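A.B. asks: Okay, here's the prediction I keep looking at, along with the sequence it came from:
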Amino acid sequence: MNRLLSADLARLRKHVLFLFGVSVMLIYGIVAPMQQYSETMKYAQISSPDKLFGGYIIPVCIMTAFLCCVFCAEEYDGGTVRNKLIIGHSRTDVYTSQFLTCLIAGIIMCLAYVIPSTLLGLILPGDFEKTASILALYLTSGMLCISACISIYCMLITTVQNRTAGTVLTLFVVLIVIYIGIITGQHLKLPAETFRVITENGVTKHIYGENPHYPKGIYRTFLEIFYDVLPSGQAWQITYMTAEHLPRMIVSSCMIIIISFLSGRKQFEKKDLK
Amino acid sequence: MDNILKTNAICKYYKQFKALDGLTMCVPKGSIYGFVGRNGAGKTTLIRILCGLQHPTSGEFELYGISNTDKAISASRRKMGAVVETPSIYPDMTATDNLKQQYRILGLPDFDGLQDLLKLVGLEHTGKKKVRNFSLGMRQRLGIAVALCGNPDFLVLDEPINGLDPQGIIEIRNLILKLNREQKITVLISSHILEELSKLATHYGFIDKGRMICEMRAEELEASCQACMRVTVTDSKALTRVLDRKNITYRIIDSRTVEIDTKLNITQLVKELSEEKCEMISVKEQEKSLEDFYISLIENAEHPESQKQKGSA
């Protein structure tokens, strides 16, 4: 297992997509606080660096989708996975090593953003509004959300084992899930009350009433849980730092990681490789 | 242990399709085993099973005397190297980086011997050239070099000369011979290019429709490919009666033509035929190529009734 991980990490170190991803996140991590600072100066408002703290999650989710697909599918497409199996490595080890390598890549991408943006946020005017423990919880939740996404990508690419088809499928799934996250979030943010504007005898009146589209009761609870469980739902909440159930998000990410990892591994063990 | 590999009635089904149908074979230690069969005969399926890429539906095999059902099979696979179909290499890396990667996978402590390996396959001057810019022959040789990392003593090559130009074929052939003779590596080569195999192989296994038709040594094959006679007579039944009396192997081509696997005294044959009231129309001596032998093997396997064999020719 250690040998496989060492080999996979050596390959990751020189992988173009990984280097590109880290560079993008690093630049983003430097540019975003600078931009916020310039806007602060422009409008004479002090802005909190909290707003940028979760900015890494959506870009990393998308970039790791590309990276995982290409990194893993290169092994299946090029047949190099055979080199590992022929010399006696177990399929479990091969899959686990690939997963861990992608996970490390994802975490490095996150840190490439979080470290410079946090440091610059501390140096430039404006203090964090949230406490260190809450920020740590957000960071943990973000990392686990990325890990859950990576675990799902690894599972998907094992099913397809073709670079092009795998990348297309994974990106399609990513976009769909992000879209579902947006829709769910918007639905949850609907106001409970709404008003109608009517004009009677030349007088304009606002009539307040219940919003018929406002989700309530069990349906709202279900939507809230769904929004917390869905990785894209978590991603949006972390991006805007508006999460209300961080522990629930952490637990659900852990469950997604375990289920998708075990399912992908089982699939890989059974699969006939060409 | 005389055999590096022994398979016992291996079957592999893809839904209803039988890719391997009770295949049994033995690869002797130190041999170059030519695994011959047409496309779709089951060669690659068997190789994939040997390499652990697929699981047999039934049957078993032994690698270095260890059964595939034994957990120790993984350890025994460390002593084998394989190039299955296309060489398993990273196109975005250099030849050296590809070998380094395999060294890491094997867990070798350093990169000692890496340059020797590149030299062995004639890729020592490729420098920083990426594998994606290599010719097919170079990739094939690099694939073999990757398979040779960790000093295996059993090398499995699946169609190693497919798509290569004549120069590439010669390079691969010389490399295989060198590995077998100098490093005593047992080689299993699957191919359907028979003439090329005949320049290498010490043993042959002929496979068709997932079944082993026959296994033989190179000398036996050479003897089988020796000249045969094609005799045309007025009545082939009369000729077969004469040949049956002499215990000679023959094949009936049509109602007037019979192919005989041995040289006969023509005068004596004509005399005996005339006693059977049969005339000889022509006699033609034919050199049998490996392809002819293979085709006749396949035909006999498909239509066993068209061949009548008695004793040895």
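C.D. replies: Everything's here; your move. Numbers count the residues shown, from 1 in each chain, chains lettered A, B, ... in the order given.

A.B. asks: pLDDT value on A:Ile258, please?
C.D. replies: Here, the pLDDT recorded for A:Ile258 equals 93.

A.B. asks: Would it be right to say that it lies in a strand?
C.D. replies: No. The assignment for A:Ile258 (DSSP: H, G, I helix; E, B strand; the rest coil) gives helix, which keeps it out of a strand.

A.B. asks: neighbours around it, how many?
C.D. replies: By other Cβ atoms under 10 Å in any protein chain shown, 12 other residues sit near A:Ile258. Heads up, the C-betas are built off the backbone N, CA and C, glycines and all.

A.B. asks: Other residues contacting whatever helix or strand A:Arg11 lives in?
C.D. replies: Under the criterion DSSP states H and E, the helix or strand holding A:Arg11 is helix A:2-13. Outside of helix A:2-13, the residues within contact range by Cβ atoms under 8 Å, 6 or more residues apart in numbering or on different chains are A:18, A:71, A:84, A:89, A:93-94, A:97-98, A:100-101, A:104-105, B:90, B:100-101, B:104-107.

A.B. asks: Kindly recompute the last result at 7 Å.
C.D. replies: With Cβ atoms under 7 Å, 6 or more residues apart in numbering or on different chains as the contact definition, helix A:2-13 has outside contacts at A:18, A:84, A:89, A:93-94, A:97-98, A:100-101, A:104-105, B:101, B:104-107.

A.B. asks: Okay, now the unreliable bits of the stretch 1-150 of chain A?
C.D. replies: Under the criterion pLDDT under 70, the flagged ranges of the stretch 1-150 of chain A are A:44, A:46-47, A:125-126.

A.B. asks: Around chain B, pick out the residues from it.
C.D. replies: Where proximity means Cβ under 7 Å from any Cβ of the partner chain, the interface of the stretch 1-150 of chain A facing chain B comprises A:3-4, A:6-7, A:10-11, A:78-80, A:82-88, A:90.

A.B. asks: ok, now with 10 Å
C.D. replies: A:2-11, A:14-16, A:74-75, A:77-91, A:94, A:97 (Cβ under 10 Å from any Cβ of the partner chain).

A.B. asks: Can you say which of the residues you listed are buried?
C.D. replies: A:3-5, A:7-8, A:11, A:15, A:74-75, A:77-91, A:94, A:97 (16 or more other Cβ atoms under 10 Å in any protein chain shown).

A.B. asks: from these, which ones fall inside helices?
C.D. replies: Using DSSP state H, the members of these that fall in helices are A:3-5, A:7-8, A:11, A:74-75, A:77-78, A:80-86, A:91, A:94, A:97.

A.B. asks: If you count contacts, what does whichever helix or strand B:Thr24 is part of end up packed against?
C.D. replies: With the criterion set as DSSP H and E, the secondary-structure element containing B:Thr24 is strand B:17-28. Contact here means 3 or more Cβ pairs under 10 Å, 6 or more residues apart in numbering or on different chains; DSSP states H and E; on that basis strand B:17-28 packs against strand B:3-14, strand B:32-36, helix B:43-50, strand B:58-63, strand B:186-191, strand B:203-208, strand B:211-217.

A.B. asks: Compare those and give me the one nearest A:Ser23.
C.D. replies: Each of the helices and strands packed on strand B:17-28 was checked against A:Ser23 via Cβ to Cβ, and the shortest separation belongs to helix B:43-50, namely 39.7 Å.

A.B. asks: is the closest one up against chain A anywhere?
C.D. replies: Yes. Using Cβ under 10 Å from any Cβ, helix B:43-50 reaches chain A at B:Thr44, B:Thr45, B:Arg48, B:Ile49, B:Leu50.

A.B. asks: Now do that helix and strand B:17-28, the angle between them.
C.D. replies: Counting by axes from the mean of the first three to the mean of the last three Cα atoms, to 10 degrees, helix B:43-50 points 70 degrees away from the direction of strand B:17-28.

A.B. asks: Please state the offset of helix B:43-50 from the chain centre?
C.D. replies: 13 Å (Cα atoms, centre = their mean, to the nearest Å).

A.B. asks: try stretch B:158-178
C.D. replies: For stretch B:158-178, the distance from its own C-alpha centre to the chain's C-alpha centre is 14 Å (Cα atoms, centre = their mean).

A.B. asks: Check which residues of it are buried.
C.D. replies: B:Asp158, B:Glu159, B:Pro160, B:Ile161, B:Leu164, B:Gly168, B:Ile169, B:Glu171, B:Ile172, B:Arg173, B:Leu175, B:Ile176.
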